[in-house]
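Q: Let me see the structure of the following:
(2 chains)
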Amino acid sequence: MRRTALEPDPSDLATSRGHESSYPVLEASSLRLQFGSTTVLSDLTVAIPRGQITALIGPTGSGKSTLLRTLNRMNDRVKGFSHDGDVLLEGESIFGRNVNLMLLRRRIGMLFQRPNPFPMSIGDNVVAGVRAHRIAPRKQHRAIVEARLKEVGLWDSVSGRLADSPFRLSGGQQQLLCLARALAVGPDMLLLDEPTSSLDPGSVETVEALLRKLVPALTLVVVTHNLAQARRIAEQTMFLFGGRLVEFGPTAQLFESPNEPETMRYVTGRIG
Amino acid sequence: MQRVTGGVAVIPMLALLFIIAVLLAQAWPAILLNGGGFFTHTSFDLGNTYGAIVNTHGVRHPQGASYGVLGWALGTVESSAIALVLAVPVSVFAALAISERLPAYLGRVVGLFLGTLAGIPSVIIGLWGALTIGPLLAHRVYPLLAHLAPKVPVLSFFTGGTGNGQGLLTSGIVLGVMIIPIVASTTRDLVHSVPKLPKEGGEALGMTDWEVARRVTLRWVGPGIVGASVLGLARALGETMAVAMVSGVVLSGSPGSIFAPITTIAATIVTQLDSAFTDTSGFAVSSLAEAGLVLVLITLAVNVAGRLLVRRVASTALPVGRGV
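A: Model (predicted):
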C-alpha cells in the first residue's frame, strides 16, 4: 500500500503504520545541493531503510544539516539554494509538481537543534499541528494531548499545568514537548537535527531512550556530532565528508571496521 | 551621575502631575458649580454673557450657564473605538505583508509610505476627510450601509439619515487612517523580532504560511499588538484638529446613529475656546478645563486597561523563563 504525498492515509492517527515491507522509505539519487555557486553536497545516492534509526555524521560543514533539511524541503525558500537529482519518498519524488508540501511535511516531521515550542499553552502546543491539518475534531484534542504526552513521558510532570506556558519547562522537557507535537500529526518519518545538543546529560538519555521506542513504527534520520550517540541509537550510519557520501552501512561495522580510510580517521577522532 | 539620571527619570512623572494640577486648578470653579450633573447630561450654554455676572456658592458665572460633558465623552470614546476596530486589522495585515510576504525592497517602500502617512499634519487629513472622503462616503457608501442594516434595537444604530459625511463614522474612519501608521509600524517591528526557530517549527509541522502567521507569529507578538493598539487608541482619543473638521461638532445631545454628527471633548475644546473667552467670569473656560480633565482621565484609564490586558495576554504567550 503505497501512498502519495497528495493522499494521506486516513488511518494516520492510528498507531499501525505500513512498515511491513522492506523496501527503503526514502531514496536519494544523484542528489546535489548548492547554495549559489557553492556545492555543499554532490552525487549522493543512498537508500534510507524503513523502520530504523539512521545517523548522519561528519564534521561541521560536511552538508549533514543541509541534506536533512532538503528531505522535508525546508531549504526551498533559503536564498540561493538549488538542487539536482531527486529524492523519492515511497518511490515518489518529493519535488514533484503535484506534491502537497504541507502533507509531505506532515509525513516527514522534524525536530530541531534547540526546542522551539510555540507561544501557546503546553496543551495547545501538542495539538497545534493537529489543528492546522484538521486531523481530529476539537473534542478529541484533550485525548490526543494526553496520549502524546504519555508517549514522550511528559504527562506525569505536566498534566496539572496543561494551560501553562511551555517556556517555563526545562530545555529537555521543551524538546520532549516538541517531539510530542511532531508525533501528534502521525508522521511516517522524523528528521532530527542534533536533537540533544542543547540538552543536559539526563535529558539526553531520556530523549535517546524515547527515540529507540519510536522505531520500527517510524523511520528516523538523526544528524549528530556525537559519535557515541550514533553508536548508541542508530542501526545505520552515514558518514559525510567534504561534500560527499564517504560511507554508509550498519553502525557497528562503520565504527569498528570501516571500508574507507577517511571514515577510520573520523571515527577515531583524527579528523573532524 | 546616578543621581542625575534618577532625577531625569522623574521628569515625565512631574510633568504629568503638573499638567493635572494646573487643569484641576483651572477647572475647580466649574467642578464646584457643575457638580455631578456635568457627567449626566450634554450641553454647552454660555448663559447670558451680556447680563450681570451672578455668584453661586462663591463661583462667578453668567446667568443660565450650563455645561455637560456626557455627549462629548461618548463621541470621543465611540469615534476612537470605530477607529480602533478599523485600524487594527488593517495594520496587522499590513505589518505581516510587509515583513513576511513582500520582497524586502517593496517592504521598505510600503514602510516609507507608512512613515510619511504618520508625518502628515492632522489638519491636512482633516481637510481630506471634510472635502473628499466624507462627502464621497456619505453619497456612495453610507446609504448602502444604512439600507443593509436591519431595523432591530441595537443594529438600528447603523440606520438613519446619512447626512453630508460629517459625523461619527467619518470621524472614526479619519481617526483610523491616522492611527494605522502607529499600529502598523509598531506591529511590523514586533513581527520582525520573532525568532526564526518557532516559525520553522510551524513550517516543518506542515503549516501553511497563513497558519504560521496566525498560530505562531501573531501569538508571539500578541501582547505587543495590544500595546500598539493602546498607543493608537490614546492618539485617537486626543486627536483634535481632524475630528473638529469632520465630526460636525454638535455640542448637545449624543449621536442616535453612526452617521449622525457628533463632537468629541478635544474638538469641543478647540472649537469653543474662542467663544468661552467671551465669558468674562471665566466660568466657560473653567468648564472646558473640566472637560479636558475628563479627557485626561479617559486616556489614563485606557492606558491602565491596556496594561492589564497586555499582562493577561502575556501570561501564556510571552516567552518567559528558561529555554529561549
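Q: The stretch 1-150 of chain A against chain B: which residues are in contact?
A: Applying the criterion CB under 8 Å from any CB of the partner chain, the portion of the stretch 1-150 of chain A that neighbours chain B consists of A:72, A:74, A:101-106, A:109-110, A:112, A:114-121, A:128-129, A:131-133. Backbone N, C-alpha and C define where each C-beta goes, glycine included.
Q: List only buried entries from these.
A: With neighbours counted by 16 or more other CB atoms under 10 Å in any protein chain shown, those contain buried members at A:72, A:74, A:102-106, A:109-110, A:112, A:114-121, A:128-129, A:131-133.
Q: And for chain B, the residue most distant from the center?
A: B:Ala204 (41.1 Å; CA atoms, centre = their mean).
Q: List the residues that contact that one.
A: A:Asn72, A:Met74, A:Arg105, A:Gly109, A:Met110, A:Phe112, A:Ala182 (CB atoms under 8 Å, 6 or more residues apart in numbering or on different chains).
Q: One more pass at 7 Å, please.
A: B:Ala204 makes contacts with A:Asn72, A:Met74, A:Arg105, A:Gly109, A:Met110, as judged by CB atoms under 7 Å, 6 or more residues apart in numbering or on different chains.
Q: Switch the residues you listed over to TSV; also include secondary structure and pLDDT.
A: Formatted as TSV, the contacts of B:Ala204 follow (DSSP: H, G, I helix; E, B strand; the rest coil; pLDDT from 0 to 100):
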residue	secondary structure	pLDDT
A:Asn72	coil	95
A:Met74	coil	95
A:Arg105	helix	96
A:Gly109	strand	96
A:Met110	strand	96
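Q: okay, these in CSV with distance to A:Arg232 next?
A: Shown next, in CSV, are the contacts of B:Ala204 (distance: CB to CB, whole Å):
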residue, distance to A:Arg232
A:Asn72, 25
A:Met74, 26
A:Arg105, 28
A:Gly109, 22
A:Met110, 21
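Q: Which of the buried ones among the residues of the stretch 1-150 of chain A next to chain B fall within strands?
A: If you go by DSSP state E, these have A:Gly109, A:Met110 in strands.
Q: can you tell me which residues contact residue 248?
A: You didn't say which chain, so I picked chain A. The contact partners of A:Phe248, taken as CB under 7 Å, 6+ apart, are A:Val46, A:Gln236, A:Met238.
Q: ah, I was thinking of chain B
A: In this structure, B:Gly248 makes contact with B:Gln166, B:Gly167, B:Pro261, B:Ile262, judged by CB under 7 Å, 6+ apart.
Q: residues in contact with residue 181?
A: All of this refers to chain A. By CB under 7 Å, 6+ apart, the contact set of A:Arg181 is A:Asn125, A:Val126, A:Ala128, A:Gly129, B:Leu205.
Q: wait, I meant chain B there
A: Remark: with contacts taken as CB under 7 Å, 6+ apart, B:Pro181 is in contact with B:Leu114, B:Leu117, B:Ala118.
Q: Next, format these as TSV and append distance to A:Leu169, secondary structure and neighbour count.
A: Below are the contacts of B:Pro181 laid out as TSV (distance: CB to CB, whole Å; DSSP: H, G, I helix; E, B strand; the rest coil; neighbours: other CB atoms under 10 Å in any protein chain shown):
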residue	distance to A:Leu169	secondary structure	neighbour count
B:Leu114	38	helix	20
B:Leu117	43	helix	16
B:Ala118	41	helix	14
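Q: quick one: which of those residues is nearest to A:Gly63?
A: Distances from A:Gly63 to those, taken as CB to CB, are shortest for B:Leu114 (41.6 Å).
Q: Tell me which residue is most central in the chain.
A: Just going to use chain A. Most central in chain A under CA atoms, centre = their mean is A:Leu191, positioned 1.1 Å from the mean C-alpha point.
Q: um, chain B though
A: When chain B is reduced to its mean C-alpha position, the closest residue under CA atoms, centre = their mean turns out to be B:Ala236, at 2.2 Å.
Q: residues contacting A:Val40?
A: Taking CB under 7 Å, 6+ apart as the contact definition, A:Val40 lies against A:Leu33, A:Gln34, A:Gly63, A:Thr66, A:Gly243.
Q: From those residues, pick the one nearest chain B.
A: Looking at the contacts of A:Val40 and their distance to chain B, the nearest is A:Thr66, at 14.3 Å (CB to the nearest CB).
Q: how deep is residue 164 tucked in, by neighbour count?
A: As the question left the chain open, I've gone with chain A. Using other CB atoms under 10 Å in any protein chain shown, A:Asp164 has 15 other residues around it.
Q: oops, I was thinking of chain B
A: For B:Asn164, the count of nearby residues is 15 (other CB under 10 Å).
Q: With the one 5 residues further on instead?
A: Around B:Leu169 sit 28 other residues, with neighbours defined as other CB under 10 Å.
Q: Surely it touches B:Pro261?
A: No. With contacts defined as CB atoms under 7 Å, B:Leu169 does not count as touching B:Pro261, sitting 10.6 Å away.
Q: Can I get stretch A:99-110 as CSV, trimmed to CA atoms?
A: Below are the C-alpha coordinates for stretch A:99-110, written out as CSV (Å, rounded to 0.1, in the frame of the first residue of the first chain):
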residue,chain,number,x,y,z
VAL,A,99,3.3,17.2,-4.3
ASN,A,100,1.4,18.9,-1.5
LEU,A,101,4.2,20.4,0.6
MET,A,102,2.0,20.6,3.7
LEU,A,103,1.1,16.9,3.5
LEU,A,104,4.8,16.0,2.8
ARG,A,105,5.8,17.7,6.0
ARG,A,106,3.0,16.1,7.9
ARG,A,107,4.5,12.7,6.8
ILE,A,108,8.1,13.7,7.4
GLY,A,109,8.3,15.5,10.8
MET,A,110,11.2,17.4,12.1
